[in-house]
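> Generate coordinates for the sequence data below:
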Amino acid sequence: MTAPPDRRAFLGVLGGLSLIGAGGPDRPSTRSRPAELQSDFLFDDGLVYLQTGSLGPTPRPVIDRVMEVWRELERNPVSYGYGSLETAQDDVRQTAAAFLGCGKDEIVLTSSTTEGMNWVAQGLHLKPGDRVLTTDQEHPGGRSCWDYLVRTAGVILDEVRIPPDLHDAAEIVDRFSRAIKPDTRVLSFSHLLTSTGLRMPVAELSALARARGAVSVVDAAQAAGGIQVNVKALGADVYVTSGHKWLLAPKGTGILYLREGLGARVDPIALQAGRVSYSGSSGVRNIPGLIGLGASLDYLTGKGPAATEAHNLSLRSRLYAALADVPRLTVVSAPAGPLASPLLTYTLPADVPSDRLYRQLYERHRVVVKVVPGQWLNGNRISTHLFNSEADVDALVAALRRELA
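This is a model prediction of the structure:
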């Protein structure tokens, strides 16, 4: 398979197409978005955006809040940055705690899921011969930290294979159970797999980790914001997510949850002075961005997390059903049910490279999807969020029919 386009190449495509003009028979109308949300998002006219799983759009009210804070900060950086805005920044920890269903003291603000995972890996102080059990479907942002410890600290990384067609929670738990060894110290896995969107049995895997004396570390980059999350109900020890995807927050923000009962088991350099948003060990953070993260959490809370998940899954179910009749592709994501999520992936035959189809969908139809990395499969991934509509899903299906006919 041809390698997926990198971000620079993608931006080049966007730049070139901005010169094409506004018309064309395949260009859908902005009326395809839910009417009450049209003014909240800044999409190019006619764009069908089905790629929240990579970068989510930040709504206008959040952007306005970020710019308001930034302007205030620059009026007197020291007085405001170490005064009222530092307090406001730390208040976001309480907002995040309410959104995830935990206590403020269990929340740390970060710049991304990757940063949070790195802090956790460093803070566990694993020794040579300690083992980490993960899956073969982890995003590099959730796996690189363990690869680093393999290279530098003598940690052993074991993998559980999750085939694209494995849609059985009990089988997944059994695979983990059989793979755990006496010196397994960490179970690290995604809440929603980035490859297929499979909703992993987090509660069962977290309970398994605890029973075996291991720490459960959940990469939740694809979960919080797209589905309703209560970390206490999930039972995870560590839950790490990003602002730049489903939370619709400013890019370069994130949330790290550390269960209160962990104590000092996770003790990275950045938290030596505590978990407040700014400290001598964390350094100065992105003040406008993190306050904007709080605004995005307020925005999603106002929409209703349960209602947002229901909307996202309804669109996903519509797409799942419609793709059954599209030639030359096969949906590999789980059917509707407990393992389904707002992410849906289909595979393509070898003579239809997924990056080529991705470009055709964008260049000819103004539909944005995801190229799934080739080490997993030759296919595309679709993300449906609260700003998408049935018309968006139908536009994608129509475009796929034309390109795969």
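> sec struct for the residue nearest to residue 109 when sequence neighbours are not counted, please.
Once flanking residues are discounted, residue 109 sits nearest to residue 277: 5.0 Å by CB to CB, 6 or more residues apart in numbering. Backbone N, C-alpha and C define where each C-beta goes, glycine included. Classification of residue 277 by DSSP: H, G, I helix; E, B strand; the rest coil places it in coil.
> And for residue 277, the neighbour number?
20 (other CB atoms under 10 Å).
> Need phi/psi at it.
Backbone torsions for residue 277, taken as degrees, to the nearest 10, come to phi -70, psi -30.
> Return the residues in contact with residue 34.
By CB atoms under 8 Å, 6 or more residues apart in numbering, residue 34 lies in contact with 386-389.
> at 7 Å instead, please
Counting by CB atoms under 7 Å, 6 or more residues apart in numbering, residue 34 makes contact with 387, 389.
> Also residue 284?
So residue 284 contacts residue 278 (CB under 7 Å, 6+ apart).
> Distance of the residue nearest to residue 109 relative to residue 72?
Relative to residue 72, residue 277 is positioned 17 Å away (criterion: CB to CB, to the nearest Å).
> name the helices or strands packed onto the lengthiest helix in the chain?
For the chain, the longest helix by residue count, based on DSSP state H, is helix 305-323. With contacts taken as 3 or more CB pairs under 7 Å, 6 or more residues apart in numbering; DSSP states H and E, helix 305-323 sits against strand 343-347, helix 390-404.
> Helices along the stretch 51-200 of the chain, start to end?
Using DSSP state H, counting those that start in this stretch, the helices of the stretch 51-200 of the chain run over residues 60-75, 77-81, 84-100, 113-123, 140-153, 169-179.
> Can you tell me what sits against the shortest one?
So the one you mean is helix 77-81. For helix 77-81, the external contacting residues (CB under 7 Å, 6+ apart) are 72-73, 287.
> Enumerate the positions of it that are buried.
Buried residues in helix 77-81, counted by 16 or more other CB atoms under 10 Å: 80-81.
> Show me the shaky parts of the stretch 201-350 of the chain.
For the stretch 201-350 of the chain, applying pLDDT under 70 flags no range at all.
> Run through the helices of it in chain order.
With helices called from DSSP H, counting those that start in this stretch, the stretch 201-350 of the chain shows them at 202-211, 231-234, 287-303, 305-323.
> want to try a markdown table for those, with distance to residue 381 as columns?
What follows is the helices of the stretch 201-350 of the chain, written out as a markdown table (distance: least, CB to CB, whole Å):
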| stretch | distance to residue 381 |
| --- | --- |
| helix 202-211 | 20 |
| helix 231-234 | 23 |
| helix 287-303 | 22 |
| helix 305-323 | 11 |
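> could I get those helices as a markdown table with distance to residue 257 and mean neighbour count?
Formatted as a markdown table, those follow (distance: least, CB to CB, whole Å; neighbours: other CB atoms under 10 Å):
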| stretch | distance to residue 257 | mean neighbour count |
| --- | --- | --- |
| helix 202-211 | 12 | 19 |
| helix 231-234 | 5 | 18 |
| helix 287-303 | 13 | 23 |
| helix 305-323 | 16 | 18 |
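> Tell me which of these sits nearest to residue 281.
Among the helices of the stretch 201-350 of the chain, helix 287-303 comes nearest to residue 281, with 16.5 Å by CB to CB.
> Put the alpha carbons of that closest one into PDB.
What follows is helix 287-303, C-alpha atoms only, in PDB (Å, rounded to 0.1, in the frame of the first residue of the first chain):
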ATOM      1  CA  ILE A 287      -2.600  30.000  29.600                       C
ATOM      2  CA  PRO A 288      -5.100  31.000  26.900                       C
ATOM      3  CA  GLY A 289      -5.200  27.500  25.500                       C
ATOM      4  CA  LEU A 290      -5.900  25.800  28.800                       C
ATOM      5  CA  ILE A 291      -8.600  28.300  29.800                       C
ATOM      6  CA  GLY A 292     -10.000  27.600  26.300                       C
ATOM      7  CA  LEU A 293     -10.000  23.900  27.200                       C
ATOM      8  CA  GLY A 294     -12.300  24.800  30.100                       C
ATOM      9  CA  ALA A 295     -14.500  26.700  27.700                       C
ATOM     10  CA  SER A 296     -14.700  23.700  25.300                       C
ATOM     11  CA  LEU A 297     -15.700  21.500  28.200                       C
ATOM     12  CA  ASP A 298     -18.400  23.900  29.100                       C
ATOM     13  CA  TYR A 299     -19.500  24.000  25.500                       C
ATOM     14  CA  LEU A 300     -19.800  20.200  25.400                       C
ATOM     15  CA  THR A 301     -21.500  20.000  28.800                       C
ATOM     16  CA  GLY A 302     -24.100  22.500  27.500                       C
ATOM     17  CA  LYS A 303     -24.800  20.200  24.500                       C
END
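> picking up where we left off before, out of the helices of the stretch 201-350 of the chain, which is closest to residue 263?
Residue 263 sits nearest to helix 202-211 of all the helices of the stretch 201-350 of the chain, at 14.0 Å, using CB to CB.
> Give me the helices and strands touching that closest one, please.
If you count contacts as 3+ CB pairs under 7 Å, 6+ apart, helix 202-211 packs onto helix 169-179, strand 184-190, strand 215-219, helix 231-234.
> ok so, going back, any idea which of the helices of the stretch 51-200 of the chain is most buried?
Stretch with highest mean neighbour count among those: helix 113-123 (a mean of 23; mean count of other CB atoms under 10 Å).
> Could you tell me the angle between that one and helix 140-153?
Interaxial angle, helix 113-123 versus helix 140-153 (axes from the mean of the first three to the mean of the last three CA atoms, to 10 degrees): 30 degrees.
> just checking, residue 401 touches residue 328?
No: counting by CB atoms under 7 Å, residue 401 stays clear of residue 328, with 10.1 Å between them.
> For stretch 217-227, measure first residue to last.
End-to-end distance for stretch 217-227, by CA to CA, to the nearest Å: 18 Å.
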